[in-house]
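# compute the structure for the input listed below.
(3 chains)
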Amino acid sequence: MSSAFPSRPGALVLALALVWGLGCERETRRFREVPPTATPGSALRLSSINPGPAVPDSTIRSTYAENAYAVSEGKRLFTQFNCVGCHAQGGGAIGPPLMDDEWIYGAQLENIFATIVQGRPNGMPAFGTRLATSQVWQLAAYVRSMSGLLRKDVAPGRADAMQAKAQEQATTEQRPEESTTPPQAERP
Amino acid sequence: MIQFPGEHSAHAPASSQAVLLDRLGEQLYGIGAVVFVLVVGALLAAAFRPRAAAEDVEDPTRERRMAAIVAAAAGATVATLIAVLFLSFGTGRELTGTPPPDAIQIRVTGRQWFWDVEYRDSLPSRWATTANEIHVPVGRPVVFQLRSTDVIHGFWVPSLGVKRDMIPGQETSVWFRADTPGVYRGQCAEFCGYQHAKMAFTVVAEPPDRFAAWLDRQRDTARTPTDSLTRHGQDVFLASTCVMCHAIGGTPAGSRVGPNLTHLAGRRTIAAGTLPNTRGHLAGWIVDPQQIKPGAHMPPNALAPGELQALLAYLESLE
Amino acid sequence: MARVPHVAVAALFVAIACSSSDAGRSRSASVGATASLPEADTSSPVRDSAGRFDAGQWVMSAGDYANTRFSSLNEITTENIRGLKVAWTFSTGVLRGQEAAPIVVGSTMYLVTPFPNILHALDLANPGATRWSFKPGPLNAAQGVACCDVVNRGAAYADGRVFFNTLDNHTIAVDAGNGKEIWRTKLGDIHRGETMTMAPLVVKGKVLVGNSGGEFGVRGWMTALDAATGRIVWRAYSTGPDAEVLLGDRFKPFYPADRERDLGVQSWPGDAWKVGGGNVWGFVSYDPDLDLIYYGTANPGPWNPEVRPGDNKWTSSVFARDPDDGQGLWAYQWSPHDLYDHDGINENVLLDLEWKGAPRKLLLHAERNGYVYVLDRATGEVLSAEPFHHITAYRGVDLRTGRVQVVPEKEPKSGVVVRMICPAAPGAKDWQPMSWSPRTRLLYIPHQNLCMDFEAAEANYIAGTPYVGANVKYYAGPGGHRGELSAWDPLAAREVWTIKERFPVWSGTLATGGDVVFYGTMDGYFKAVHARTGAELWRFKTGSGIIGQPITYRGPDGKQYVAILAGVGGWSGAIVAAGLDPRDSTAGTGFANAMRDLPQYTTKGGTLYVFGLP
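So this is what the prediction gives:
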């Protein structure tokens, strides 16, 4: 080999460090950490306009959306707490689909958190008093994975159940559409 | 170090099956000991044999004698192995025989990381559901139908001689007849995740009349609260996160995510054999289960002190 | 004025009194006390001189107490129907599934929209004009606990009042003339997942209503309300102890296995009957001679059968009750320990026919499980049960015990996907009502051709959330078509003709004296076929898929009109009405998989179409 390459042992150490670093956050299991509550303010918004100069969308990264364990817990809770009864595996039934790009009440993790905790007027129950905050974040992270918005190595793989849809890992990303709340004319 | 109830040794058999297994084990041990002594003896003899003179090496008589000895040893080995095979086969046949028709049917579902237990009956209204503690009558066969809803678990009670995997999507079964009354500890025997080590259960073998009384109580719905503190405790239970996972018969709580709590107060341990069932341990478990069993599916529950006391009073009243 | 003999006057009174209690046999619907005319309606009398509603009206969803959905009106015939045209239309303003049957009393038509359950009164003399609209204002959150679109199956009329149910469990009585609310009674709780969608029936001054919620662990019941005051007269639950199911000394089921006490508790584990389902969301029939009402109960909860061992009485059953006090006379369970969400609520058509040479009072029922049942409606005996569609899940009905025989290989198991279960959960026929023509002596059964894969999963009862425990997906059965309209001869137990349709025929059928059968398709065609041969005579493309119930009436101008609501939705059309995503084949509780192409054929709608000859 030419002298332009780093030494063989050095390259090996570098490769191992990369592998360790990339897998670290994804697999960390935090069982007793106090989770953030969804704070109002600029991080939580349902309208894309604001007075004065435009404020960019929040760029809060959440440990929940980058943690494979949290997302898989969200998937378990999604079935056990009967979300699947109204939303199916993302296709919707009594409730709207969660696997497409239409988000009535906001697509950011904090918006989904608020929707689960507060409920919504046309039939989404308010789970706020019934779920631990960490469970709500886990569910919100899983909901985002249904439309392919999470990293491929964080989203769940093939389920051990009837194959109703492509696994979340293999779901193509669908950027949330703006302005998908039904306009006045279509209100039920 | 917390001392937990229950005999947990395969060398302390308490059922007919366990006795058979223990006996087979002793027989194999005995045969093995004899073989061991002979082999070690032969090895030592070979190692400390006086060095033969050069002219003795090619003695044909000696060769023939050695060949005979080797052939005899090989034959003895084969004979021993066949004998062991028959012993093992015979024991296996006894263990897997069809259970008698009067056996009690219990369905156990392994879940991360506890045990759902259902006592079946020909009349559906006489089914009983409990968790983590199984009572059986002495002298009567019990058949377990084993299954799992998430990953593979293993149903193992060493003193009662049963061990069988619980595989999602299949139903396996195993049976035994407890001969000695007592409390026996069971343990999950197939690695099933973070808290596999703390997934234990208790089997209580008791006289048939005590068992019948216990089973009748399990069939009942939960005791209705009689005083204001336990009533408040029931309100706390129904108003907080508990109802998402736990069922208490006779109340609107009917979820199966976590263990059934209808007769919680009658159990010897909580959290699948992890803690003794005392008020203090229960309080600690409710408030911060992740401290005791990190990774368990029960989240921490911050309750106001008055609410916690009322809830404990209510749960302790669920005999 | 000439003096009228006292005897003649007395005879007239007696004649009126006798004929008002004589109602119900053919297709009239008398309700005892004298009817008052709707206000401002002077066009045609509600009752004829004999005290009966005449054939030109349609005062209850089923047309008549016997649920025949047959009209003797014969102005529209197989010859002239080619000229049938739209007479007028009316937009309901609501774009969800329109399952209702409009009702016509005098010259007013009353129809109920899906949520928010607006009751419109339309003036038939000024076609399309609204006399009044009544907005009950049901709770928005009720939409979150309605399993199968936010539908409503229609109103009922009696004594100058219109009765209907709202999704959030109110039964409301409104003055038929001016639209003012007379009374409103709250009967259930959406926090438990309970809703109401069915069309009430008024019998002897009592409004009979039932609840929905079998997918939410709601305990089913039928309630009788006093038509004048709205107070509860009696309530019969579908599960639980005999005292609550109203089974007492008069209860004499035909089959010995059904005669034990408290079967509504004994056939369930623990207290599972409290969340056991057995809801009453279908149509009610009434026999004035025997003075019995008949109705079916829905599926047991949850769908996962492993969690509820036992026969799960009295879900998926039919009850015969005394309308005065609700006491049960007999009951029969179509599907004991139902495995497939085969609700038993399909309509019961009451006919007096000759059975094996002797006249018999029959009850005809095309059930979800794929069999057409003929029962003796006096005793509850199953006289015949023949398959009217492809079945893999059952082997037949044993007439000795009355019990349907399940195929063990098709039983759902936790963690295992059982495939090719036919009929699928919506059954061979769901709620969509069939009709009977006494002229052809055929039943016109609208139904579907679907099979399913079923995986039982864990079911956790959390009040107000679905209690199902199953992953399911449906697909077309043998032949590839998903719907059919069949003409069935119940006495010979054979199909006479059938029409295959691309989509499930989720609308009801209407049979007329002109030998025409009307029905609608989910891609929006309202069709008329020859009752004897099934030949298509006429079709019209409406604005949206049709899942409603067609009716016919005589307008104020004396001409015959046919009315149908168009607006796709319901369980089968939710992919359009609720915008579901078929990439998940379990969406819509399995239906979206079978209806992936529906959005290409129809969009949402909510319009009433009235057709007549020019």
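# are we agreed that C:Asp325 is in a helix?
No: counting by DSSP: H, G, I helix; E, B strand; the rest coil, C:Asp325 falls outside a helix, being coil.
# quick one, what contacts the closest residue to it other than its chain neighbours?
If the residues on either side of it in the chain are set aside, C:Asp325 comes closest to C:Trp234, at 5.8 Å by Cβ to Cβ, 6 or more residues apart in numbering or on different chains. Every residue, glycine included, has its C-beta placed from N, CA and C. Counting by Cβ atoms under 8 Å, 6 or more residues apart in numbering or on different chains, C:Trp234 touches C:223-224, C:246, C:325-326.
# make it 6 Å
Residues near C:Trp234 by Cβ atoms under 6 Å, 6 or more residues apart in numbering or on different chains: C:224, C:325-326.
# and of the residues you listed, the nearest to C:Ser437?
Nearest to C:Ser437 among the contacts of C:Trp234, counting by Cβ to Cβ, is C:Ala224 at 31.3 Å.
# which residues does the residue nearest to C:Glu501 when sequence neighbours are not counted bridge with?
Using Cβ to Cβ, 6+ apart and skipping residues adjacent in sequence, the residue nearest C:Glu501 is C:Gly483, 3.8 Å away. Beta-bridge pairing for C:Gly483 (DSSP bridges): C:Gln448, C:Glu501.
# mind checking pLDDT for residue 52?
I went with chain A, as the question did not name one. pLDDT for A:Gly52: 86.
# to clarify, I was referring to chain B.
Model confidence at B:Ala52 (pLDDT) stands at 67.
# what do you get for the one 3 residues further on?
In the predicted model, B:Glu55 carries a pLDDT score of 57.
# the most centrally placed residue in chain B sits in which helix or strand?
Nearest residue to the geometric centre of chain B (Cα atoms, centre = their mean): B:Gly186, 2.6 Å. Following DSSP states H and E, one finds B:Gly186 within strand B:182-188.
# got it, and C:Gly558?
Here C:Gly558 is assigned to no helix or strand, by DSSP H and E.
# what's the burial count for it?
9 (other Cβ atoms under 10 Å in any protein chain shown).
# for it, give its distance to C:Tyr110.
C:Gly558 sits 21 Å away from C:Tyr110, taking Cβ to Cβ, to the nearest Å as the criterion.
# now do C:Trp88
Counting by Cβ to Cβ - C:Trp88 and C:Tyr110 are separated by 16 Å.
# what do you get for B:Ala45?
Distance from B:Ala45 to C:Tyr110, by Cβ to Cβ: 109 Å.
# more neighbours, those two?
Neighbours were counted for B:Ala45 and for C:Tyr110 using other Cβ under 10 Å; C:Tyr110 has more, 27 against 9.
# which residues touch the more buried one?
Contacts of C:Tyr110 (Cβ under 6 Å, 6+ apart): C:103, C:121, C:155, C:162.
# quick check, it in a strand?
Yes: using three-state DSSP, the assignment for C:Tyr110 is a strand.
# can you name the residues bridging to it?
Under the criterion used (DSSP bridges), C:Tyr110 bridges to C:Ile103, C:Ala121.
# show me the contacts for B:Thr224.
Neighbours of B:Thr224 in contact, by Cβ under 6 Å, 6+ apart: none.
# and it, what pLDDT?
94.
# tell me which element it is part of?
Short version, using DSSP H and E: B:Thr224 is in no helix or strand.
# C:Ala100 - nearest residue in space that isn't next to it in sequence?
Residue nearest to C:Ala100 in three dimensions, not counting chain neighbours: C:Gly154, with 4.0 Å by Cβ to Cβ, 6+ apart.
# beta partners of that neighbour?
C:Ala101.
# give the contact list for the residue of chain A at minimum distance from chain C.
At 2.0 Å from chain C, A:Gly123 is the closest residue in chain A, using Cβ to the nearest Cβ. Going by Cβ under 6 Å, 6+ apart, A:Gly123 touches C:141, C:143-144.
# closest to chain B among those residues?
C:Gly144 (17.3 Å).
# okay, B:Gln234: pLDDT?
97.
# helix, strand, or coil at the residue of the stretch 151-300 of chain C found nearest chain B?
Residue nearest to chain B within the stretch 151-300 of chain C (Cβ to the nearest Cβ): C:Pro269, separated by 3.9 Å. Taken by three-state DSSP, the conformation at C:Pro269 corresponds to coil.
# burial count for it?
For C:Pro269, using other Cβ under 10 Å, the count is 22.
# hmm, it is touching B:Pro124, no?
Yes: counting by Cβ atoms under 6 Å, C:Pro269 touches B:Pro124, with 4.9 Å between them.
# related to what we said a few turns ago, my read: the residue nearest to C:Glu501 touches C:Val505, true?
Yes: with contacts counted by Cβ under 6 Å, C:Gly483 reaches C:Val505, the gap being 4.3 Å.
# more neighbours, these two?
The neighbour comparison of C:Gly483 against C:Val505 (other Cβ under 10 Å) goes to C:Val505, with 29 against 25.
# thinking again about what came up before, tell me how far the residue nearest to C:Glu501 lies from C:Lys527.
Applying Cβ to Cβ to C:Gly483 and C:Lys527 gives a distance of 12 Å.
# now do the strands in chain A.
Using DSSP state E, no strands are found in chain A.
# before we move on, the earlier item: nearest residue to the residue of chain A closest to chain C other than its sequence neighbours?
C:Gly144 (2.0 Å).
# cool, and B:Cys242?
B:Ala253 (7.0 Å).
# one step back: next, the contact list for the residue of the stretch 151-300 of chain C closest to chain B, please.
B:124, B:127, C:309.
# mind listing what the first one touches?
If a contact means Cβ under 6 Å, 6+ apart, then B:Pro124 has C:267-269, C:309-310 as its contacts.
# quick check, B:Thr202 in contact with B:Asn132.
No: B:Thr202 is not in contact with B:Asn132 according to Cβ under 6 Å; the separation is 7.1 Å.
# out of those two, which sits in the more crowded spot?
B:Asn132 (25 against 22).
# got the domain boundaries for chain B?
Chain B breaks down by automatic domain parsing into domains covering B:1-219, B:228-316.
# now the lengthiest helix in chain A, how far from the chain's geometric center?
Of all segments of type helix in chain A, defined using DSSP state H, the longest is helix A:8-27. Distance of helix A:8-27 from the chain centroid (Cα atoms, centre = their mean, to the nearest Å) equals 26 Å.
# might one say that C:Asp581 is in contact with A:Ala93?
No: the pair C:Asp581 / A:Ala93 is not scored as a contact, 10.5 Å apart, by Cβ under 6 Å.
# on that earlier part again, quick one: contacts for the residue nearest to C:Ala100?
Contact analysis of C:Gly154 by Cβ under 6 Å, 6+ apart lists C:61, C:100-101, C:112, C:199.
# model confidence for it, exactly?
The model's pLDDT for C:Gly154 equals 97.
# and if you look at A:Ser42?
pLDDT at A:Ser42 comes out at 54.
# again, but for the one 4 residues further on
What the model reports as pLDDT for A:Leu46 is 76.
# neighbours around the closest residue to chain A within the stretch 1-150 of chain B, how many?
Residue nearest to chain A within the stretch 1-150 of chain B (Cβ to the nearest Cβ): B:Asp150, separated by 8.2 Å. B:Asp150 has 17 neighbouring residues, counting by other Cβ under 10 Å.
# over to the one 3 residues further on?
Neighbours of B:His153 under the rule other Cβ under 10 Å: 30.
# I'd say C:Val162 and C:Ala156 touch.
No: if you go by Cβ under 6 Å, C:Val162 and C:Ala156 don't touch, sitting 7.3 Å apart.
# contact partners for the closest residue to B:Ala128 other than its chain neighbours?
Residue nearest to B:Ala128 in three dimensions, not counting chain neighbours: B:Gln218, with 3.9 Å by Cβ to Cβ, 6+ apart. B:Gln218 is in contact with B:128, B:130, B:263, counting by Cβ under 6 Å, 6+ apart.
# surely the second one is in a helix?
Pointing back at B:Thr130 there. No: counting by three-state DSSP, B:Thr130 falls outside a helix, being strand.
# wait, isn't it in contact with B:Val117?
Yes: counting by Cβ under 6 Å, B:Val117 is a contact partner of B:Thr130 at 5.0 Å.
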